[in-house]
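S.K.: I need the structure of the sequence given here:
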Amino acid sequence: MSSSAEPVVALPDSDLPGPFPVGSYAAQLKARLKQFANVQLIGEVWGFRTGRARVYFELRDGRGALPCSMWSGDFERLGVTLSDGVRVVVGGGCDYYPGSSTSSPAFSFAVTELRVAGEGDLLAQLERLRRRLAAEGLFEPQKQLRRPLLPKTIGVVTGERGKARDDVLAGLERRGWGGRLVWGFAPVQDRRAAPQIAAALRELAALAEVEVVIVARGGGSLADLFAFCDEALCRTVALLRVPVIASVGHHTDRTLIDDVAAASCSTPTHAAEVAVGIDCRAARVELTSEARRLHAHGHRAILVRARTLSHLARAPSAHLERQRRHLHQLLRELRASARRKAADGRAQGSTHLLVLRRTVARGTTSDKERRRSELTRLAFALAAHDPERTLTRGYALVEDPGGEPLTSAADARRAGDLRLRFRDGRLPARVSGEVETP
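M.R.: Okay, here's the model as predicted:
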């Protein structure tokens, strides 16, 4: 900066002293800050990074934050590892770099002592919120939604100028997807980001044609990604009608929206590939190959059928002649079979007629005599058993008054009154005295 010999004119109507050179005031400010007593502070580490000579981070709590720095050699001798959210106790005092004509001033709390105090309140709060949302069952609704294999319209919530936008486009291009993208741009890093992300999600879900929504953001510290751990945002995602695919941070980062969403991906490119479940380029190549195969198969089938039709067209008379000869042969065989059947029927009829004639002849001669002889024999046998013939030889039949024959002396004694049947009539009789046994 060039110096000027012109006199300095103070502000009109001002009672303030000066004007003083800014370098002089900055030097006095540094001296005054260094007069502040060295103290111990406790808070949570955020945005830890390493420089050429110093390490830098912010120390935060619920009411405020301070930029801190520490000499790299002093930090390495401590042998500790710091990450976002770790609670530490530091000792030191205020430091101020006044800057120059080519560099900016900077205030920091110069750390001379550091000790890890334990897990930060924000991380503990985050874990408690994760357990509460899990107990309420808010991790399940999104995972039960059906994700389309090949969506026609995809919604994307991301920063308008962030690299995540280009990564999503690259992933969809890699898939060969040619559908429609609906963008919902929102800030993805500050305290006002979560409500605007939730509003963009609701607006995209309200569009009937949107089938899946991608929420994408590149990497960063946990403090940069903390908007995606907002409770209201997580509840909004859990109740959406469309599946949400989250891609926030790097591989090792895990925000609450990753737990609530239908799917969690490590990069925006991966999220785009998950949203489109089919590799459209490979599918097109496969369909083209299949179409060519079907075309070749159809061509071969047409040629085969054409040859067949040509063959049939060249020799229809020969085909008809073959069929005519076949029919004539069948007719000759049918006639010969009919003649054989008729001859066999006539021979069998002659045989049956001869048998019938012989049967009739036997019935009219010998059978009649045989039957007459048999009747005579039976008549003689019946006459031999006639009781009347027994009476003609001098025997008598003893009957009771009812006419029933009595066959023993005991029966006759019990009957008392008897009738004696002779050949020429019956006489009454009566039993007297005892029965004599032979």
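S.K.: Buried residues, the helix or strand harbouring Arg413. List them.
M.R.: Here Arg413 sits within helix 409-415, counting by DSSP states H and E. Buried positions in helix 409-415, judged by neighbour count with 16 or more other CB atoms under 10 Å: 412, 415. Every residue, glycine included, has its C-beta placed from N, CA and C.
S.K.: mind listing the helices for the stretch 201-350 of the chain?
M.R.: Applying DSSP state H, counting those that start in this stretch to the stretch 201-350 of the chain gives helices spanning 231-238, 256-260, 268-275, 280-314, 316-364.
S.K.: Just the buried positions in the fourth one, please.
M.R.: Right, the one you point to is helix 280-314. Buried residues in helix 280-314 (16+ other CB under 10 Å): Cys280.
S.K.: tilt between that helix and helix 316-364?
M.R.: 70 degrees (axes from the mean of the first three to the mean of the last three CA atoms, to 10 degrees).
S.K.: Please apply the same query to the first one.
M.R.: Helix 231-238 and helix 316-364 are oriented at 60 degrees to each other (the same axes, to 10 degrees).
S.K.: now swap in the third one and tell me
M.R.: What separates the directions of helix 268-275 and helix 316-364 is an angle of 40 degrees, with the same axes, to 10 degrees.
S.K.: what mean pLDDT does helix 268-275 have?
M.R.: For helix 268-275, mean pLDDT rounds to 90.
S.K.: Give me the local confidence score for Asp167.
M.R.: pLDDT, Asp167: 90.
S.K.: Over to Ala216?
M.R.: Reading off the confidence values, Ala216 has pLDDT 90.
S.K.: Please tell me how far it sits from Thr288.
M.R.: Using CB to CB, to the nearest Å, Ala216 is found at 32 Å from Thr288.
S.K.: same deal with Ser310?
M.R.: On the measure of CB to CB, Ser310 and Thr288 end up 33 Å apart.
S.K.: Same check on Gly18?
M.R.: To Thr288, Gly18 is 80 Å away according to CB to CB.
S.K.: So which of the helices of the stretch 201-350 of the chain is nearest Leu427?
M.R.: Leu427 lies closest to helix 316-364 among the helices of the stretch 201-350 of the chain, at 53.8 Å (CB to CB).
S.K.: The closest one: how far from the chain's middle?
M.R.: Mean C-alpha position of helix 316-364 versus that of the full chain (CA atoms, centre = their mean, to the nearest Å) differs by 71 Å.
S.K.: ok, then the element right after that helix?
M.R.: In N-to-C order, the element after helix 316-364 by DSSP H and E is helix 366-384.
S.K.: What's the end-to-end length of stretch 150-162?
M.R.: 26 Å (CA to CA, to the nearest Å).
S.K.: If you average the pLDDT over that stretch, what comes out?
M.R.: Taken as a whole, stretch 150-162 has an average pLDDT of 90.
S.K.: Please pull up the helix or strand immediately following the longest strand along the chain.
M.R.: Longest strand in the chain, counting residues (DSSP state E): strand 106-119. As assigned by DSSP H and E, the chain's next helix or strand after strand 106-119 is helix 121-135.
S.K.: That following helix to strand 106-119, inter-axis angle?
M.R.: 50 degrees.
S.K.: Give me the residues contacting helix 121-135.
M.R.: With CB atoms under 8 Å, 6 or more residues apart in numbering as the test, helix 121-135 has contacts from 44, 61-62, 85, 87, 139, 222, 226, 229, 231, 234-235, 238, 256, 259-260.
S.K.: For it, what does the pLDDT average out to?
M.R.: Helix 121-135 comes out at a mean pLDDT of 80.
S.K.: Restrict that helix to CA atoms and write it as CSV.
M.R.: Extracted C-alpha coordinates of helix 121-135, given in CSV (Å, rounded to 0.1, in the frame of the first residue of the first chain):
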residue,chain,number,x,y,z
ASP,A,121,-23.2,-33.6,24.2
LEU,A,122,-24.3,-33.3,20.5
LEU,A,123,-23.2,-36.9,19.8
ALA,A,124,-24.9,-38.1,22.9
GLN,A,125,-28.0,-36.1,22.0
LEU,A,126,-27.9,-37.6,18.5
GLU,A,127,-27.7,-41.1,19.9
ARG,A,128,-30.6,-40.5,22.2
LEU,A,129,-32.7,-39.2,19.3
ARG,A,130,-31.7,-42.3,17.2
ARG,A,131,-32.9,-44.6,19.9
ARG,A,132,-36.1,-42.7,20.4
LEU,A,133,-37.0,-42.7,16.7
ALA,A,134,-36.2,-46.4,16.5
ALA,A,135,-38.4,-47.1,19.5
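S.K.: Would you map out the domains in the chain?
M.R.: Per automatic domain parsing, the structural domains of the chain span 22-119, 125-278, 279-310, 387-430.
S.K.: Could you export those as JSON lines, including distance to Lys341?
M.R.: Shown next, in JSON lines, are the domains of the chain (distance: least, CB to CB, whole Å):
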{"stretch": "domain 22-119", "distance to Lys341": "108"}
{"stretch": "domain 125-278", "distance to Lys341": "73"}
{"stretch": "domain 279-310", "distance to Lys341": "42"}
{"stretch": "domain 387-430", "distance to Lys341": "67"}
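S.K.: I'd like to know which of those domains is closest to Ala343.
M.R.: That would be domain 279-310 among the domains of the chain, by CB to CB, at 47.1 Å.
S.K.: wait, what's in contact with Gly218?
M.R.: Here Gly218 is in contact with 162-164, 167, 249, 268 (criterion: CB under 8 Å, 6+ apart).
S.K.: quick one: it from Val168, how far?
M.R.: Between Gly218 and Val168 the computed distance is 11 Å (CB to CB).
S.K.: overlap in contacts of the two?
M.R.: Common neighbours of Gly218 and Val168, using CB under 8 Å, 6+ apart, are Pro268.
S.K.: sorry, back to before: top of the contacts of Gly218 by number of neighbours, please.
M.R.: In terms of neighbours by other CB atoms under 10 Å, the contacts of Gly218 top out with Pro268 at 28 neighbours.
S.K.: who's in contact with it?
M.R.: Pro268 makes contact with 158, 164-165, 167-168, 171, 214, 216-218, 247, according to CB under 8 Å, 6+ apart.
S.K.: Leaving out chain neighbours, which residue sits closest to the residue nearest to the spatial centre of the chain?
M.R.: For the chain, the residue nearest the mean C-alpha position is Arg146 (10.6 Å; CA atoms, centre = their mean). Of all residues not flanking Arg146 in the chain, Pro243 sits nearest, at 7.7 Å (CB to CB, 6 or more residues apart in numbering).
S.K.: from memory that neighbour sits against Ala263, does it?
M.R.: Yes. Using CB atoms under 8 Å, Pro243 is in contact with Ala263, at 7.3 Å.
S.K.: Show me whatever sits in contact with both of these two.
M.R.: Listed contacts common to Pro243 and Ala263 are Arg147; contacts here mean CB under 8 Å, 6+ apart.
S.K.: higher neighbour count, the two?
M.R.: Pro243 (23 against 19).
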